[in-house]
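Asks: here is a sequence together with a model predicted from it:
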Amino acid sequence: MDMQMTLNATMLVDCRAELGEGVQWHRPTRRVYWTDIKGKTLWSCHEDGSHVREVALDAGLCDFAFTPDGKMLAGFEDGLCWLDPRSGARHLLEPYDPGNPATRMNDGALDRQGRFVIGGIHEPDMNPVTPVWSVSRGRVRTILDGIGCANGTAFSPGGDRMYFTDSRGGDLFVFDYDTVSGEPENRRVFASLSPEHGVPDGSCVDADGALWNACFGGSAVRRYLPDGQPDQVVAVPVPNVTCCAIGGMRMQRMFITTARVGLGPDHLDAKPQSGGLFAVDLPVRGLAAGTYRR
């Protein structure tokens with residue numbers, strides 16, 4: 001039994017996403033944004049769940065980073081794009097792994113210098129064949145390779161640590177991160193999930209430097225202190241928890257995406273809130289997501 005303090009998330013928006021992901025608080029518009037990859041939709045709302053907006057897309061949006069002018073650098077299933085978040089219009093910049101149609105882009109995050117770090121997934125069986133890109137001022141380069149399902153990308157408050165997981169397994173990794181070159185080095189295990197806790201998915205870091213990780217199949221977001229020790233748990237009343245971000249005007253509200261993918265009719269009857277956007281107020285503050293430096 002977990003002895004850490006447990007908080008309880010409640011549903012904010014009943015969006016019924018097939019695969020909710022990429023959640024992010026955007027302070028300039030005072031809105032939280034997230035994507036339904038399989039539903040090809042960009043969602044947003046106010047921090048209290050009001051004024052919900054849906055933007056239909058022509059392909060699956062996997063993750064994104066805002067630019068200073070309110071546009072997005074966006075990782076779609078077919079590649080890296082510029083995206084207008086109001087109209088859904090996009091322009092392809094760089095195809096992702098075009099020689100392998102079984103792969104697509106997946107999880108990403110901005111580092112503290114404004115680089116967009118984003119990886120991919122081999123969807124049929126998570127074969128370790130996909131690259132992780134670092135995108136800076138229009139230049140794309142590979143910083144990791146041989147990944148089955150890139151997830152959990154997040155950076156410490158000072159930017160000198162990069163957190164990452166390959167969801168093929170149960171380990172969360174940490175790298176030393178060179179803030180000048182943008183190169184991750186010295187990979188080591190930061191924390192490990194036991195099988196009953198699901199598999200590690202999306203992550204965020206709070207102002208205290210602790211890592212919060214969404215547990216797919218584990219009905220929770222788990223917090224780990226900078227030394228890797230488990231600390232707090234956010235219970236989510238659905239199984240497939242996919243991503244988390246801290247925002248709101250006080251930077252103390254956690255937004256949590258979930259998914260319906262992989263759940264049969266009986267599971268959905270038992271957990272009808274699956275795919276919703278959830279929220280919980282935290283006793284700690286988050287960090288601004290930052291903007292991509294074009």
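Replies: Sure, I can see it.

Asks: can you give me the helices for the chain?
Replies: With DSSP state H applied, the chain shows helices at 265-270, listed in chain order.

Asks: quick one: low-confidence ranges for it?
Replies: Low-confidence segments of the chain, defined by pLDDT under 70: 1-3.

Asks: if I look at residue 250, how far off is residue 119?
Replies: According to Cβ to Cβ, to the nearest Å, residue 250 stands 31 Å off from residue 119. Just so you know, the C-beta spots here come from the backbone N, C-alpha and C atoms, and that holds for glycine as well.

Asks: comparing these two, which residue is more hemmed in?
Replies: Between residue 250 and residue 119, counted using other Cβ atoms under 10 Å, residue 119 has the larger neighbour count: 29 against 11.

Asks: residue 154 contacts residue 209, correct?
Replies: No: with contacts counted by Cβ atoms under 8 Å, residue 154 stays clear of residue 209, the gap being 10.7 Å.

Asks: which of those two has more neighbours?
Replies: Looking at residue 154 and residue 209 with other Cβ under 10 Å, you find the greater number of neighbours at residue 154, namely 26 against 14.

Asks: now do residue 140 against residue 73, distance only.
Replies: Remark: distance between residue 140 and residue 73 (Cβ to Cβ) = 11 Å.

Asks: common neighbours of the two, please.
Replies: residue 80 (Cβ atoms under 8 Å, 6 or more residues apart in numbering).

Asks: what residues are up against residue 113?
Replies: Listed by Cβ under 8 Å, 6+ apart, the contact set of residue 113 reads 136, 159, 179, 182, 293.

Asks: between those residues, which is nearest residue 201?
Replies: For residue 201, the nearest member of these is residue 159. The distance, counting by Cβ to Cβ, is 22.5 Å.

Asks: closest one of the contacts of residue 113 to residue 269?
Replies: Proximity of these to residue 269 was ranked by Cβ to Cβ; the top entry is residue 159 with 45.0 Å.

Asks: show the contacting residues for the closest one.
Replies: When contacts are taken as Cβ under 8 Å, 6+ apart, residue 159 is in contact with 111-113, 177, 179.

Asks: what do you get if the cut-off is 6 Å, keeping everything else the same?
Replies: Shown in contact with residue 159 (Cβ atoms under 6 Å, 6 or more residues apart in numbering): 112, 179.

Asks: again with residue 195
Replies: Counting by Cβ under 6 Å, 6+ apart, residue 195 touches no other residue.

Asks: one more time with 10 Å
Replies: Remark: with contacts taken as Cβ atoms under 10 Å, 6 or more residues apart in numbering, residue 195 is in contact with 170, 217-218.

Asks: in stretch 91-98, what counts as buried?
Replies: Applying a neighbour-count criterion of 16 or more other Cβ atoms under 10 Å, one finds 96-97 buried in stretch 91-98.

Asks: and what of stretch 101-113?
Replies: 103-111.

Asks: what touches both of residue 154 and residue 209?
Replies: Common contacts of residue 154 and residue 209, defined by Cβ under 10 Å, 6+ apart, comprise 161, 287.

Asks: ok, back up a step: so between residue 140 and residue 73, which is more surrounded?
Replies: Set side by side, residue 140 and residue 73 show unequal neighbour counts under other Cβ under 10 Å, the larger going to residue 73 at 24 against 16.

Asks: for the more buried one, give its distance to residue 183.
Replies: Taking Cβ to Cβ as the measure, residue 73 and residue 183 are separated by 20 Å.

Asks: what about the closest residue to residue 279 other than its chain neighbours, neighbour count?
Replies: Nearest residue to residue 279, sequence neighbours excluded (Cβ to Cβ, 6 or more residues apart in numbering): residue 12, at 4.4 Å. Residue crowding around residue 12 was assessed by other Cβ under 10 Å; the count is 22.

Asks: can I assume residue 12 is in contact with residue 281?
Replies: No: under the criterion of Cβ atoms under 10 Å, residue 12 lies out of contact with residue 281, with a separation of 11.5 Å.

Asks: between those two, what contacts are shared?
Replies: Listed as contacting both residue 12 and residue 281 by Cβ under 10 Å, 6+ apart are residue 253.

Asks: give me the beta-bridge partners of the closest residue to residue 184 other than its chain neighbours?
Replies: Residue nearest to residue 184 in three dimensions, not counting chain neighbours: residue 175, with 3.6 Å by Cβ to Cβ, 6+ apart. According to DSSP bridges, the residues that bridge with residue 175 are residue 162.

Asks: need the contact list for residue 175.
Replies: Residues 143-144, 155, 160-164, 183-188, 190 are the ones in contact with residue 175 under the rule Cβ under 10 Å, 6+ apart.

Asks: in strands, which of the residues you listed fall?
Replies: The strands, defined by DSSP state E, take in 143-144, 155, 161-164, 184-188, 190 from the contacts of residue 175.
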